[in-house]
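> Predicted coordinates and the sequence they were generated for:
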Amino acid sequence: MGDRTQPSFSRYVGIDYSGAQTAEASLKALRVYMAQRDGEPVEVSPPPSPRWYWSRREIAEWLVERLSEDRPTLVGIDHGFSFPLKYFLKHKLPRSWPTFLEDFQRHWPTDAPHTYVDFVREGIAGTGAARTGYRRWRRLTEERTGSAKSVFHFDVQGSVAKSTHAGIPWLLYLRRKLGDRVHFWPFDGWSIPPGRSVVAEVYPRLCSARFPRGDRTADQHDAYSVAASLRQADADGSLAELLTPTLDAKERAIAEVEGWILGVPPAPAPAAEPPRSKPRPRRPAVRRVSRELGRHEDLASKYTYRVFWSDDDGEYVATCIECASLSGLGDSQEVALAEARAAVAAWLEHLEAEGRPAPERL
């Protein structure tokens, strides 16, 4: 990284990678902010087109253009860059991130035209069933955050599963296009050659509270906060420490396969203190279908569901018979059922927007 007293990069990019749909879809939740070394982050608009928002393909192509320039740039993207070590063991994959990228893209071609993550999950495209994991599997770095969800935990609020499965093939795209001009941290090594641009995984929750939100949307603020925090860390000299977390030999070997979220502390997140008084019983967060709920929620309630306990997940699982790829998890049967109905409602809304028929009810 060179002299820690001097900034190592000249530009800092924060990308909020929320949202699903296809590689060409214009998504309001996809946001890009970039800061110069001496300036505040500003939002980067997508290329001129009739559409208002970025697509995943456009972001990847824009990154190739920016990272091909002779200006060291630090890019933070908020989706998982790899999978838990258990995934590699289950599928008998070598502990090699480049091999993982190639293998994943062959089974989950979510960078292909008109290909939704759910299409691969349902077997309409790709061979995703041959490369799956369990919802309870988390990477070491996710465990250390204390709050990050598993890359396999689909169809729940705050999930990164879809954005991760949609985004990983584009990391392969960047790697193929840019070669050794870009350092994918920490897979290409913990130390970064001077003058090299870097792409790293980030978790906006670690930094977003440090910056006033103003009139930005949640997605805009996440991207802004990532760019601002990267610039700030480089300016005050703390970035070098973030790029070299103190891990023992075993942890470092795991992180070189699973990846590491930039800024996550090496020590486990402290456990919450026990309440001083007896807590009030928590009522199940049951979503009740009524006239106040939307039409899709009402339709979702008319489908057939099965609720059961899963030892693998350590929770109740609710599945929809008519939409086999959709499910919900919860610490009670009621919560799991509510999550599953919410997932089905979102899927019905998506099908309607695409002009596709809803599954027939049993």
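Here it is on my side, so go on.

> Tell me how this structure divides into domains.
As assigned by automatic domain parsing, the chain contains the domains 11-82+139-258, 295-353.

> Show me where this structure has its helices.
All helices of the chain, identified by DSSP state H, fall at 56-67, 85-90, 97-107, 117-121, 140-145, 161-178, 218-236, 239-242, 249-258, 295-300, 333-353.

> quick one: low-confidence ranges for the stretch 201-350 of the chain?
For the stretch 201-350 of the chain, the stretches with pLDDT under 70 are 267-294, 311-314, 325.

> one step back: can I get the helices of the chain in TSV with mean neighbour count?
Glycine gets a C-beta too; all of them are placed from N, C-alpha and C. What follows is the helices of the chain, written out as TSV (neighbours: other CB atoms under 10 Å):
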stretch	mean neighbour count
helix 56-67	18
helix 85-90	16
helix 97-107	18
helix 117-121	22
helix 140-145	21
helix 161-178	21
helix 218-236	23
helix 239-242	18
helix 249-258	17
helix 295-300	18
helix 333-353	20
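
> Output those in a markdown table; the columns should cover distance to residue 310.
Formatted as a markdown table, the helices of the chain follow (distance: least, CB to CB, whole Å):
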| stretch | distance to residue 310 |
| --- | --- |
| helix 56-67 | 31 |
| helix 85-90 | 16 |
| helix 97-107 | 24 |
| helix 117-121 | 18 |
| helix 140-145 | 20 |
| helix 161-178 | 16 |
| helix 218-236 | 31 |
| helix 239-242 | 37 |
| helix 249-258 | 23 |
| helix 295-300 | 21 |
| helix 333-353 | 9 |
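
> out of those helices, nearest to residue 29?
For these, proximity to residue 29 was assessed by CB to CB; helix 218-236 is nearest, at 4.7 Å.

> The closest one - contacts with which helices or strands?
strand 11-17, strand 30-36, strand 42-43, strand 73-77, helix 239-242 (3 or more CB pairs under 8 Å, 6 or more residues apart in numbering; DSSP states H and E).

> What separation do you get for the residue most central in space within the chain and residue 178?
Nearest residue to the geometric centre of the chain (CA atoms, centre = their mean): residue 79, 2.6 Å. Residue 79 sits 18 Å away from residue 178, taking CB to CB, to the nearest Å as the criterion.

> Residue 48: neighbouring residues, count only.
6 (other CB atoms under 10 Å).

> wait, residue 181
Neighbour tally, residue 181, other CB under 10 Å: 15.

> Please tell me how far it sits from residue 308.
In terms of CB to CB, residue 181 sits 50 Å off from residue 308.

> Equivalent analysis for residue 315, please.
The value you get for residue 315 to residue 308, if CB to CB is used, is 10 Å.

> does the residue nearest to the centre of the chain really touch residue 163, like I thought?
Yes: judged on CB atoms under 8 Å, residue 79 makes contact with residue 163 at a distance of 4.3 Å.

> got any residues that touch both of the two?
In terms of CB atoms under 8 Å, 6 or more residues apart in numbering, residue 79 and residue 163 are both contacted by the residues residue 17.

> could you redo the domains of the chain as a markdown table and give each row distance to residue 133?
Output for the domains of the chain, formatted as a markdown table (distance: least, CB to CB, whole Å):
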| stretch | distance to residue 133 |
| --- | --- |
| domain 11-82+139-258 | 4 |
| domain 295-353 | 10 |
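
> closest one to residue 106 among these?
domain 11-82+139-258 (9.6 Å).

> which ones are touching residue 324?
Applying CB under 8 Å, 6+ apart, we find residue 324 in contact with residue 122.

> any idea how far it lies from residue 163?
Per CB to CB, residue 324 is found 22 Å from residue 163.

> now residue 239, nearest residue through space, not along the chain?
Leaving aside its chain neighbours, residue 239 sits nearest to residue 233 (4.0 Å; criterion: CB to CB, 6 or more residues apart in numbering).
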